[in-house]
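Next one to model:
(chains A and B)
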Number of protein chains: 2
Amino acid sequence: MLLSQYFLPTLKEQPLEAQIVSHGLMLRSGMIKQQAAGIYSWLPLGLKVLKNIENIIRFNMNAVGAVELLMPCVQPSNLWLESGRFNDYGKEMLKFQDRHDNNLLFGPTNEEMITDIFRSNIKSYKDLPKNLYQIQWKFRDEIRPRFGIMRGREFLMKDAYSFDIDYAGAIRSYNRMYTAYMHSFRDLGVSVVPVAADNGVIGGDLSHEFHIVADIGESTLYYDKVFNLLAEDLVGDIEELKTLYAAADDKHDPVLCPLSANELCVSKGIEVGHIFHFGTKYSKLMNAFVNDKQGNLVPVEMGSYGIGISRLVAAIIEANHDDRGIVWPEEIAPFKVSILNLNIADTKCSELSNLIYNQLQSMHIDVLYDNTDERAGIKFAIHDLIGSPWQIIIGNKNAANDLVEIKHRATAETEIISVDVAIKKVVGNLNVR
Amino acid sequence: MLLSQYFLPTLKEQPLEAQIVSHGLMLRSGMIKQQAAGIYSWLPLGLKVLKNIENIIRFNMNAVGAVELLMPCVQPSNLWLESGRFNDYGKEMLKFQDRHDNNLLFGPTNEEMITDIFRSNIKSYKDLPKNLYQIQWKFRDEIRPRFGIMRGREFLMKDAYSFDIDYAGAIRSYNRMYTAYMHSFRDLGVSVVPVAADNGVIGGDLSHEFHIVADIGESTLYYDKVFNLLAEDLVGDIEELKTLYAAADDKHDPVLCPLSANELCVSKGIEVGHIFHFGTKYSKLMNAFVNDKQGNLVPVEMGSYGIGISRLVAAIIEANHDDRGIVWPEEIAPFKVSILNLNIADTKCSELSNLIYNQLQSMHIDVLYDNTDERAGIKFAIHDLIGSPWQIIIGNKNAANDLVEIKHRATAETEIISVDVAIKKVVGNLNVR
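Okay, the predicted model is just below:
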């Protein structure tokens, strides 16, 4: 992408309304624009991050046999009257009437509708287990939307729903999703702590929250320091993970905690995922029964599994930034490489820049070529701010000697090398295209 | 995808509520489920088609330098008060209040919000031209939603907006989008007739509608028969295309029409795209001014460009079906190949089916393997219904001789050949993966 053709409205100053780092950085880097309290447009840079996260989560959902569908934003009230949540949900549910005075709402979650889809189509244990998921915008009318998209009203969520013939099957589905969640967060380049959780309004008896450790988190986490060292091979061993101590403040009990002081980590955490087994709550209320092997009609066992995709963007920034801007994990960086042509009037600079740009593009690497006539200092600031993992900087003096500078955003290490070596080095160090 | 793991709730009978062919076929093939009048869930098969269409359109938008962003579904009323459309839009606009009694609405279109994004960030001719687009769900509260997703209330649309410093630039942007539209429809495997159109409520002086020719269309089209023969190389020559006669009933004038009776085609058409140049209407009303080269503040020239993505699914089915079901253009088919294992209890049938399935998957071909224990007749009916362009059919007798049957859905031609030849032939005939 040529920066001259792109739409990247960056800001030099921290906007006054930004209360947390990620909010400020997302506004400054031109990722989002507020349209109303808690309601945002995702500008091109922000949308790219959102899509990258979506694709990683989609890959991991598909890998465990979950099947994607898409429910509408607007839901009829009747399903919620069946479940009893139409009035229980309170003012967070955005309700309205259409021109014929039918009661509608903007879906805050989808247990009711997916149960309706299930009961309309699946009647036998032979068609189970099933796991259906969607990636869709939700609306919760928060009383005080704040912290940018961290606590917004319109937000993007992956929500999955499992259906099993019995409790044993439901627990297998639950564990499969627990694993898929650990794999998703690993692939996103973030480390999370899964803590046992209360089920809150959804109800049921097995539930975990996934938190990203970050100073501005709303909960305090108490957990085994092993989670900080979590290696990829550990991710697979659910049973071992589940034996590790991890609890949020509401569940932590210093007396019961088996960890010694130097084994225990205490940090703030941002909740980015939540999985529930809630059994037959909705299937009984909404008449979602299936025939079991013996021909008996039994209520289907269900679970639901959410990941806050838009919130993840902010949470990842909270955990990955420095005083110059965002330091994206490579996996979700909107651009993997920035090319900074420091002198577009110089033929040699432009020639080398174009060469590198074309070569990276032909390798399908997401690259942003800064071909604007801004001065060097501004370019450095912009590309540090938007956090591309690698910068390739082309200035007059180096270019005259057929050299360019590469800079690793996270470490700020730089090197002056030939074009070929620069491309090899950057591409060789990128795990993700 | 293994059919046993998938979610494909097909119906044997035509549902009573289906008034047009595409509506019936989408319900029967398990693509959609109605949740309220004009509001649908997109089940897995339907969602795949929607995504395929999305990706083709996205590719063609990016190819002409349009940049993708995403605006929220829920909009504040204030922008619409500025443009004067909050009250003008009528009952088709779904309006509501949040818990603090702020006036909100579910966006039916986005001229106002994109103008707001533009004016907040772009101040100079140096940053023009720009073309910003999104693919997002809209809501129009139709008084009588009908024909399934053809005239639904919540619908998916690609909407693009161009910004230019002057009229000449705006016309270049308009023509670029006209070309991108012709390319998009070509890549979708459908032929369209672009007709000059009234601008209706959006206002302005240059506008075309793109119609798919189909019997159930709402407008009557009068057009040069050359459009029926439209070859790919003609697509590029906008000026030539624009000289061809094409008009919908409201604009057609038999006296002015230059075509002889045997040059003139008269058909019903379904509108699937609409492009407008509307000049400075919104920029003046909403104060979107930029500095021109001379330093004068001038209102930016705008155009808007829509494609009804969800509606396209239905329109394409109207133009591509037979009495057995859907005949997908290969480009957007949810699965390119169906594998029908007619006897899953037979070792040889399953061995060959698995072999073919694994091989096609390793080539990244979207394949549905029917590994259910349904009988042959039901499998034939289901895969004809869902319209995969190719079927590979594995039955006992052929399998015993290491043979399989391939069937081309569109022509119903079949051939009994070896596994290797079958794979080669199917893959060789697929233009799209």
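
From now on I want contacts and neighbour counts done on CA atoms only, so please keep to that.
OK.

Excluding sequence neighbours, find me the nearest residue to A:Ile212.
A:Val192 (4.7 Å; C-alpha to C-alpha, 6 or more residues apart in numbering or on different chains).

where are the low-confidence patches of the stretch 201-350 of chain A?
A:201-205, A:230-236 (pLDDT under 70).

Which parts of it are helices?
For the stretch 201-350 of chain A, applying DSSP state H, counting those that start in this stretch gives helices covering A:232-235, A:238-243, A:281-285, A:309-319, A:347-362.

now the ones you listed as JSON lines including mean neighbour count?
What follows is the helices of the stretch 201-350 of chain A, written out as JSON lines (neighbours: other C-alpha atoms under 10 Å in any protein chain shown):
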{"stretch": "helix A:232-235", "mean neighbour count": "12"}
{"stretch": "helix A:238-243", "mean neighbour count": "12"}
{"stretch": "helix A:281-285", "mean neighbour count": "19"}
{"stretch": "helix A:309-319", "mean neighbour count": "24"}
{"stretch": "helix A:347-362", "mean neighbour count": "18"}
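
Just send the ones you listed back as a markdown table, with distance to chain B too.
Formatted as a markdown table, the helices of the stretch 201-350 of chain A follow (distance: least, C-alpha to the nearest C-alpha, whole Å):
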| stretch | distance to chain B |
| --- | --- |
| helix A:232-235 | 25 |
| helix A:238-243 | 23 |
| helix A:281-285 | 18 |
| helix A:309-319 | 12 |
| helix A:347-362 | 14 |
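
Between the ones you listed, which one is closest to B:Trp42.
helix A:309-319 (20.4 Å; C-alpha to C-alpha).

picking that back up, would you mind telling me which of the helices of the stretch 201-350 of chain A is nearest B:Pro9?
Counting by C-alpha to C-alpha, B:Pro9 lies closest to helix A:281-285 out of those; the figure is 19.0 Å.

distance between that closest one and the chain's centre?
30 Å (C-alpha atoms, centre = their mean, to the nearest Å).

helices or strands up against it?
helix A:78-83, helix A:111-121, strand A:301-308 (3 or more C-alpha pairs under 8 Å, 6 or more residues apart in numbering or on different chains; DSSP states H and E).

Out of those, which one sits most buried?
Comparing these by mean neighbour count (mean count of other C-alpha atoms under 10 Å in any protein chain shown), strand A:301-308 ranks first with a mean of 24.

which other helices and strands contact it?
Checking 3+ C-alpha pairs under 8 Å, 6+ apart, strand A:301-308 ends up next to strand A:154-164, helix A:167-188, strand A:264-279, helix A:281-285.

Pull the residues that contact it.
A:111, A:155-167, A:170, A:174, A:177, A:272-280, A:282-283 (C-alpha atoms under 8 Å, 6 or more residues apart in numbering or on different chains).

Filter these down to the buried ones.
Taking 16 or more other C-alpha atoms under 10 Å in any protein chain shown as the criterion, what is buried in these is A:111, A:155-166, A:170, A:174, A:177, A:272-280, A:282-283.

any chance of the helices and strands packed on helix A:281-285 in TSV, plus distance to A:Glu13?
Below are the helices and strands packed on helix A:281-285 laid out as TSV (distance: least, C-alpha to C-alpha, whole Å):
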stretch	distance to A:Glu13
helix A:78-83	46
helix A:111-121	43
strand A:301-308	28
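
what are the phi and psi angles of A:Tyr125?
Here is the backbone geometry of A:Tyr125 (degrees, to the nearest 10): phi -60, psi -20.

Can you tell me which residue of the stretch 101-250 of chain A sits closest to chain B?
A:Asn121 (6.0 Å; C-alpha to the nearest C-alpha).

For that residue, which non-adjacent residue is spatially closest?
B:Pro9 is the one closest to A:Asn121 (C-alpha to C-alpha, 6+ apart), at 6.0 Å.

Let me see the contact set for the one you found.
Shown in contact with B:Pro9 (C-alpha under 8 Å, 6+ apart): A:Asn121, B:Ser29, B:Gly30.

For my notes, confirm the last one occurs in a strand.
The reference is to B:Gly30. No. Counting by DSSP: H, G, I helix; E, B strand; the rest coil, B:Gly30 is not part of a strand but coil.

For B:Ala315, state which of the contacts of B:Pro9 is nearest.
Looking across the contacts of B:Pro9 and measuring by C-alpha to C-alpha, the closest to B:Ala315 is B:Ser29, at 15.7 Å.
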